[in-house]
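**Q** got a predicted structure here, sequence first:
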Amino acid sequence: MLELIDLTRRYGDVVALDSLSFSVAPGQLFGFVGPNGAGKTTAMRIVLGVLEPDGGSVRWNGGPIDLATRARFGYMPEERGLYPKMRVRDQLVYLAELHGMPPAVADRSAGEWIERLGLSGREGDRVEQLSLGNQQRVQVAAALVHEPDLLVLDVPFSGLDPVGVDVMSGVLSDIAARGVPCVFSSHQLELVERLCEAVAIIKDGRLVASGTVEELRERGADRRRVRVAVEADRHDWLAAVPGAEHLDDGPRGTLVALADGTPPERVLDAARAAGTVSYFSLERPTLTDLFRAAVAA
Amino acid sequence: MSDYHGVTGRRAVSLVARREITTRGREKGFLISTGVSLAIVALIVVLPQLLGFGGTETYDVGVTNRAAVPVAEAAQRGAKAFDAEIDWHRVTPAQGASQLASGDLDAVLDGRRIRAQEEPDDALINALQAADREVRVAAALQRAGVEGQALSDVLSAPALAVSTVEAVDDERDRKGNFAFVAVIFLYGQLLTFGYLVASGVVEEKSSRVVEILLSSVRPRELLAGKVIGLGLLGLAQLLLIAVVGLGLAMALGALDVDGDILVAAALALAWFVLGYAFYSCAFACAGALVPRQEELQSATLPLTLVILVSFFLSFAVLDDPSGTLAVVTSFLPMSAPMVMPPRIALGEAPAWQVIGAILVTAGSAIALIPLAGRIYSGAVLRTGSAIKLRDAWRAARS
């Protein structure tokens, strides 16, 4: 269990983190989202000890974190970092050994991750000779090669093609299934919604929402919504339904918000009375909707 | 999950050092620079032998008239005193002119004149002038009636004996040459490996790999490993150059490699270690303060200048190895590593000065290491823009 407790950090006059607290349970895939400059990278750097907080603390399994504990963490920084001129396999073995793996184990583990991430045949190349996508894979391997107990990844999906996204999703799910908590930041909210059990949304260094996506839905969206597509002569058919509010017209139809006490069938009935209904569905708020609402507040 | 629990500080330092040695040591640039250094030291040893520097020079002189023959003969006899050897033969004025032009002759003795294509060497002129005086003195003495034994007593009187208050070191010139070469290589090595430390720090900073490294090792350990690894590499390279250089010099007879020279060479290597310890920490800080390789030149300029000035000072010291300048610069940690080795090689550094200089330089390096560690820690993660020294110092404190 990873706990961030009241983390505060300033850069000069700029407050990067303001009493940020949340926790990540064992085996949890945890999405860390927020607008640019919200403090995600700062928080992750503090967890990895790369940065000192001005206040607050980070705890791992109930205790403080020292260098030996931290050697058991895997980290992928936002600004990708590898030795450009070092060969892929040498680099992974070196990083594994720096994290405390015995040489033979480090070598075996490097080989396994090279294969797993589709880098076979490239292990002797210098990192700078690889395509960006492959560099990204090496970066992932660098975070995983020492079999960490906690994974912290800063925007791991950025720059990946759809195949890369699938590989990365698979790897993260596997790691989490082994009981290793994985925290990752991302701006791809559909992906976060699909992968993560829990999320934290931060803005200006403060936590604005956290919990499972379901919990956020219950708390965040105060009105149910339906989307309906209808071929009608008149456009004011919705006016006949009390408690229904027209939100927008999308390609899939009109989005309607319902007041408490207005059942969705009333909208359907009115639509059918007005013309031919080709689409009708209850719209659950997406993480993107929740994010917009939380950040706008 | 596994149960590896990080590395000890010493293991971290040795891992970092080993990476520096294996990756840098295999780089093409390093191998090329080693080859070039070996070629240079071989040239320094072999070239003077080929060109005959320091030995006797041979001159060809043409003689156009019979009257000048005794002068040429006397010059041939007396040339040795001028570190020269003179061959002469009769030529017609036309032959003389054409052989001067073609370079077959160095000078033509034409009556009371010396003709040459360009300004002739002093040794040749002096030998010819002295020969001319000798011939005229002999003629004058003969006219005055001095003849036979008396005449030859005057003309071939033994040369003045030379005696010095201080003992003359026959090997002094050769030791001076050794010291000169040692200074050049120490200068090159300190500058190269200092700069390698700085650019290695910037490489980690600009590629951001430092962020991953510092989540598993302390900044101090990273700094120590880098400095030690590159230092060992530099020392090994210097050792190779010394062995090849001294070996060649011994094989060709250019230098009498005795115990004194070997001790001087070993001390020069030791001074590299001291000088490198002093400079590398400073170079690491300079590297930590800038975000990109492009800015490294300007950040290391002050250090480069200090090394360059020390280099020039060491030449001044080579001329006067026991003067005030020599003693003062021996006790400054920035110049001692380049000033002391030539003084030691020339036998001009008293033991107390050697020990004192070692203590001052080693002490300064030891004092500098924690300062450098702190500045490095404060600066190495700030990747956005160049950092002021003061800010780095403060950042490390918090």
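**A** Okay, I see it.
**Q** number of residues surrounding A:Lys203?
**A** 19 (other Cβ atoms under 10 Å in any protein chain shown). Glycine gets a C-beta too; all of them are placed from N, C-alpha and C.
**Q** which SS state does the closest residue to chain B within the stretch 101-250 of chain A fall under?
**A** Using Cβ to the nearest Cβ, the closest approach of the stretch 101-250 of chain A to chain B is made by A:Glu147 at 4.7 Å. Of the three states, A:Glu147 takes coil according to DSSP: H, G, I helix; E, B strand; the rest coil.
**Q** distance between the helix or strand that B:Leu368 is a member of and the chain's centre?
**A** Per DSSP states H and E, B:Leu368 falls inside helix B:351-379. Its chain's average C-alpha position is 25 Å from that of helix B:351-379, according to Cα atoms, centre = their mean, to the nearest Å.
**Q** cool, stretch A:234-248 as well?
**A** 36 Å.
**Q** repeat that for stretch B:20-38.
**A** 21 Å.
**Q** what sits up against that stretch?
**A** Residues outside stretch B:20-38 that contact it (Cβ atoms under 8 Å, 6 or more residues apart in numbering or on different chains): A:83, A:85-86, A:90, B:185, B:188, B:192, B:196, B:200, B:225-226, B:229-230, B:232-233, B:237, B:240-241, B:244.
**Q** which positions within that stretch qualify as buried?
**A** Buried positions in stretch B:20-38, judged by neighbour count with 16 or more other Cβ atoms under 10 Å in any protein chain shown: B:20-21, B:23-25, B:30, B:34, B:37-38.
**Q** centroid-wise, who is the farthest residue in chain B?
**A** B:Gly145 (58.7 Å; Cα atoms, centre = their mean).
**Q** still on that earlier bit, inside strands: which ones of the contacts of stretch B:20-38?
**A** Assigned to strands by DSSP state E, none of the contacts of stretch B:20-38 qualify.
**Q** buried subset of these?
**A** A:83, A:86, A:90, B:185, B:188, B:192, B:196, B:200, B:225-226, B:229-230, B:232-233, B:237, B:241, B:244.
**Q** in helices, which of these fall?
**A** Among the buried ones among the contacts of stretch B:20-38, the members falling in helices (DSSP state H) are A:90, B:185, B:188, B:192, B:196, B:200, B:225-226, B:229-230, B:232-233, B:237, B:241, B:244.
**Q** and the strands in chain B?
**A** Under DSSP E, chain B gives strands at B:57-63, B:84-90, B:107-110, B:113-115.
**Q** run through the stretch 101-250 of chain A and note the low-pLDDT ranges.
**A** A:220-223 (pLDDT under 70).
**Q** what about the helices in it?
**A** A:103-116, A:132-144, A:162-177, A:189-195, A:213-220 (DSSP state H, counting those that start in this stretch).
**Q** dump the residue contacts of B:Ser280.
**A** B:193-194, B:197, B:227, B:230-231.
**Q** wait, A:Ser109
**A** By Cβ under 8 Å, 6+ apart, the neighbours of A:Ser109 are A:92, A:96, A:101, A:145-147.
**Q** okay, domains of the chain per the record?
**A** I went with chain A, as the question did not name one. As assigned by automatic domain parsing, chain A contains the domains A:2-218, A:222-296.
**Q** other chain: chain B
**A** Split by automatic domain parsing, chain B gives B:10-49+B:171-397, B:57-155.
**Q** ramachandran coordinates for the residue most central in space within chain A?
**A** Centroid check for chain A by Cα atoms, centre = their mean gives A:Gly31 as the closest residue, at 3.1 Å. The phi and psi values for A:Gly31, taken as degrees, to the nearest 10, are phi -90, psi 130.
**Q** mind jotting down where the strands sit in chain A?
**A** A:2-11, A:14-24, A:29-33, A:55-60, A:63-64, A:73-76, A:150-153, A:182-185, A:198-203, A:206-212, A:224-232, A:244-250, A:253-258, A:275-283.
**Q** quick one: which of these is nearest B:Asp391?
**A** strand A:2-11 (11.9 Å; Cβ to Cβ).
**Q** so what pLDDT did B:Asp320 get?
**A** Predicted confidence (pLDDT) at B:Asp320: the value is 87.
**Q** got the contact list for the nearest residue to it once chain neighbours are set aside?
**A** Of all residues not flanking B:Asp320 in the chain, B:Ala326 sits nearest, at 6.3 Å (Cβ to Cβ, 6 or more residues apart in numbering or on different chains). By Cβ under 8 Å, 6+ apart, the contact list for B:Ala326 reads B:317, B:320, B:339, B:343, B:348.
**Q** roughly how far does B:Ala326 sit from B:Ser314?
**A** Counting by Cβ to Cβ, to the nearest Å, the gap from B:Ala326 to B:Ser314 is 9 Å.
**Q** which stretches of chain B have low pLDDT?
**A** Using pLDDT under 70, the flagged stretches of chain B are B:1-6, B:49-56, B:166-171, B:382-386, B:395-398.
**Q** need the contact list for A:Asn36.
**A** No residues are in contact with A:Asn36 under the rule Cβ under 8 Å, 6+ apart.
**Q** the residue of the stretch 101-250 of chain A closest to chain B - how many residues pack around it?
**A** 21.
**Q** what values do phi and psi take at it?
**A** phi 50, psi 60.
**Q** with B:Ala116 instead?
**A** Taking degrees, to the nearest 10 as the convention, B:Ala116 sits at phi -150, psi 160.
**Q** run through the residues that contact it.
**A** Per Cβ under 8 Å, 6+ apart, neighbours of B:Ala116: B:100, B:106-108.
**Q** near chain A, which of those show up?
**A** When Cβ under 8 Å from any Cβ of the partner chain is applied, no member of the contacts of B:Ala116 is adjacent to chain A.
**Q** without its sequence neighbours, what residue ends up closest to the closest residue to chain A within the stretch 51-200 of chain B?
**A** Ranking the residues of the stretch 51-200 of chain B by distance to chain A (Cβ to the nearest Cβ) places B:Gly200 first, at 9.8 Å. Spatial nearest neighbour of B:Gly200, chain neighbours left out: B:Lys226 (5.7 Å); criterion: Cβ to Cβ, 6+ apart.
**Q** likewise B:Thr64?
**A** B:Asp110 (4.7 Å).
**Q** contact partners for the one you found?
**A** Counted by Cβ under 8 Å, 6+ apart, B:Asp110 has contacts B:64-65, B:68, B:93, B:96.
**Q** identify the farthest-apart pair in these.
**A** So, the contacts of B:Asp110 by Cβ to Cβ: farthest apart are B:Ala68 and B:Pro93, at 12.1 Å.
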